[in-house]
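Engineer: Build me a model from this:
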Amino acid sequence: MLSTSRKFAHISLIAMLSIGLAACGTGGEKSQRLAERKAPAPLPKVSGEGMVERWSKDTGGSFSSQYSSIAPAIGTDRVFTASPDGQVTAFTTDTGATLWEAKTEDPISAGVGYGASLAVVATSEGDVVGFDANNGAQVWSSYVGGEVLAQPVIANDIVIVRTVDGKVLGLRVTSGERDWAFQRSVPGLSLRGTGRPVVYEGVAVNGFSNGKIVASEVDTGRVLWELGVSKTRGRNEIERLIDIDAQPLLIGSVLYTAAYQGEISALALGSRKVLWRSEISSHRELDSDDNHIFVTTDEGVVVAIDRLNGTERWRQTGLERRGVTGPTLIGGKLLVGDGDGYVHILDSTTGAITGRNKVGSSVQRRSETDGKFVYTLTRNGDLTVFSLR
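Structural biologist: Numbers count the residues shown, from 1 in each chain. Okay, the predicted model is just below:
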């Protein structure tokens, strides 16, 4: 659980944000709090059709703002989901048939991590629980001493876990036993959430709420280097708040990061040189194609940036202040969800909105894709699976 001082900082921040000073929460909740400052843009007209709905399933319970770090994980022939009430489920990707269901003792705060035949979630009490991905049997449970709000990542037979108080831990995939841990100080004032790490050639790269990137060995946890990629600015603590709250995007050996009240940055991992910065504030995950980085700003504007130099290529303002999620690319189309339960389809070349689907309640966070299907989770706990026409 959070320390008393950490809890107080979050409570104070939420109070200040309630009068419009900043944003709190992760994913869709942060988007919606920001959108409340002004009236949302009206629903844009579209000329094209939406996607084909394949199936939809209830994942076990509805989501509140504090549980927006839960996302589905996609395997070869199955998708794993978790719900705040402790239910973990595996569905087939083609039809949505239930393969197994499992339950944790406490509410789930983050997940699902998948790899090495494990499906991993974290509970609100600081337990990380590993389930057999084939049959749902609990394999182990490990207490990590802090609240986890980022999906666990599995690499090199290590489960990498982030806690909100700045700890990064490596757990053995076979037993959950702690192999290593390190910690970095975090500001008393930050967004509620942490981004999951990315792994590059045996190195785990984490973004922190002080605007720094920290690289450590997956096998040993030894910190190799750390670098500030986003600079603070402003006259008070609110204005100086920066937070790398979303998972960085790795393309080859270049790491792209987004920071709230910061910038989009491109970092060459080999030289640890910042290649370019673009002054766009975002707390949402990025996506890309061969030429562009796609980002949703804090105000819900979807932007395409040149991967090589950070130059803006197009900007779609028609969804501004609608609580828009981060973008997902599939088949030349860019998908974003919104707070009214729509998934909008954009042309990735021009940014034009070409279609949409209604999925029910507010979209919980950005959609996931395996390249064939799109998996969208809503605030009421429904997982809807689409394919492009």
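Engineer: Quick check: T98 vs G252, distance?
Structural biologist: 38 Å (Cβ to Cβ, to the nearest Å). Using the backbone N, CA and C atoms, a C-beta is placed for each residue, glycine as well.
Engineer: What segments of the stretch 1-150 of the chain are helices?
Structural biologist: Using DSSP state H, counting those that start in this stretch, the helices assigned to the stretch 1-150 of the chain run over residues 4-17, 27-35.
Engineer: which one of these has the lowest average pLDDT?
Structural biologist: Of all the helices of the stretch 1-150 of the chain, the minimum mean pLDDT falls on helix 4-17 (a mean of 39).
Engineer: Next, the nearest residue to K273 once chain neighbours are set aside: phi, psi?
Structural biologist: Using Cβ to Cβ, 6 or more residues apart in numbering and skipping the chain neighbours, the partner closest in space to K273 is L267 (7.3 Å). Backbone geometry at L267, expressed as degrees, to the nearest 10, gives phi -120, psi 120.
Engineer: per-residue confidence at L267?
Structural biologist: If you check L267, the pLDDT there is 94.
Engineer: how many other residues sit next to it?
Structural biologist: If you count neighbours by other Cβ atoms under 10 Å, L267 ends up with 23.
Engineer: ditto for R379
Structural biologist: R379 has 22 nearby residues by other Cβ under 10 Å.
Engineer: Please verify my assumption that it contacts V359.
Structural biologist: No. Contact criterion Cβ atoms under 8 Å: R379 and V359 do not qualify, at 10.0 Å.
Engineer: these two touch, right, G341 and L377?
Structural biologist: No. Judged on Cβ under 8 Å, G341 makes no contact with L377 at a distance of 11.5 Å.
Engineer: Report the set of residues contacting both of those two.
Structural biologist: Residues touching both G341 and L377 by Cβ atoms under 8 Å, 6 or more residues apart in numbering: V363.
Engineer: okay, the two: which has more neighbours?
Structural biologist: Neighbour tally, G341 and L377, criterion other Cβ under 10 Å: the higher count belongs to L377, 28 against 18.
Engineer: Determine whether the claim that the more buried one is in a strand is correct.
Structural biologist: Yes. L377 sits within a strand when classified using DSSP: H, G, I helix; E, B strand; the rest coil.
Engineer: Could I get the contacting residues of it?
Structural biologist: By Cβ under 8 Å, 6+ apart, the neighbours of L377 are T59, I70, A71, P72, T81, V363, Q364, R365, S367, L383.
Engineer: please redo it, this time with the cut-off set to 7 Å
Structural biologist: Applying Cβ atoms under 7 Å, 6 or more residues apart in numbering, we find L377 in contact with A71, P72, Q364, R365, L383.
Engineer: Bridged to it, which residues?
Structural biologist: Beta-bridge partners for L377, by DSSP bridges, are L383.
Engineer: State the pLDDT value of it.
Structural biologist: On the pLDDT scale, L377 gets 95.
Engineer: likewise S282?
Structural biologist: Note for S282: predicted pLDDT of 88.
Engineer: Kindly report the same for T325.
Structural biologist: What the model reports for T325 is a pLDDT of 95.
Engineer: What of the one 10 residues further on?
Structural biologist: Note on L335: pLDDT of 98.
Engineer: State the distance from it to I353.
Structural biologist: Relative to I353, and taking Cβ to Cβ, L335 is found at 11 Å.
Engineer: residues shared between the contacts of these two?
Structural biologist: When Cβ under 7 Å, 6+ apart defines a contact, the residues bordering L335 and I353 alike are I345.
Engineer: Neighbour count: the two, which is higher?
Structural biologist: L335 (29 against 22).
Engineer: in this structure, which ranges drop under the pLDDT threshold?
Structural biologist: 1-37, 65-68, 187-193, 230-244 (pLDDT under 70).
Engineer: for G300, helix, strand, or coil?
Structural biologist: G300 is classified as coil under three-state DSSP.
Engineer: and it, how many neighbours?
Structural biologist: Neighbours around G300, by other Cβ under 10 Å: 26.
Engineer: Repeat that for V203.
Structural biologist: Neighbour count for V203, taken as other Cβ under 10 Å: 18.
Engineer: contacting residues for it?
Structural biologist: V203 touches A215, S216, E217, V218, L224, counting by Cβ under 7 Å, 6+ apart.
Engineer: ok, now with 6 Å
Structural biologist: Contacts for V203 (Cβ atoms under 6 Å, 6 or more residues apart in numbering) come out as A215.
Engineer: which residues does it form a beta bridge with?
Structural biologist: Beta bridges link V203 to Y200, E217 when assigned by DSSP bridges.
Engineer: Please report how far it lies from W314.
Structural biologist: 33 Å.
Engineer: got it, and E299?
Structural biologist: Separation of E299 from W314 (Cβ to Cβ) stands at 16 Å.
Engineer: Same check on R78?
Structural biologist: 36 Å.
Engineer: now do L99
Structural biologist: 41 Å.
Engineer: now V198
Structural biologist: According to Cβ to Cβ, V198 and W314 sit 26 Å apart.
Engineer: ranges for the strands of the stretch 201-350 of the chain?
Structural biologist: Secondary structure of the stretch 201-350 of the chain by DSSP state E, counting those that start in this stretch: the strands cover 203-207, 212-217, 223-228, 249-251, 254-258, 264-268, 273-278, 287-288, 292-296, 302-306, 312-316, 328-330, 333-337, 342-347.
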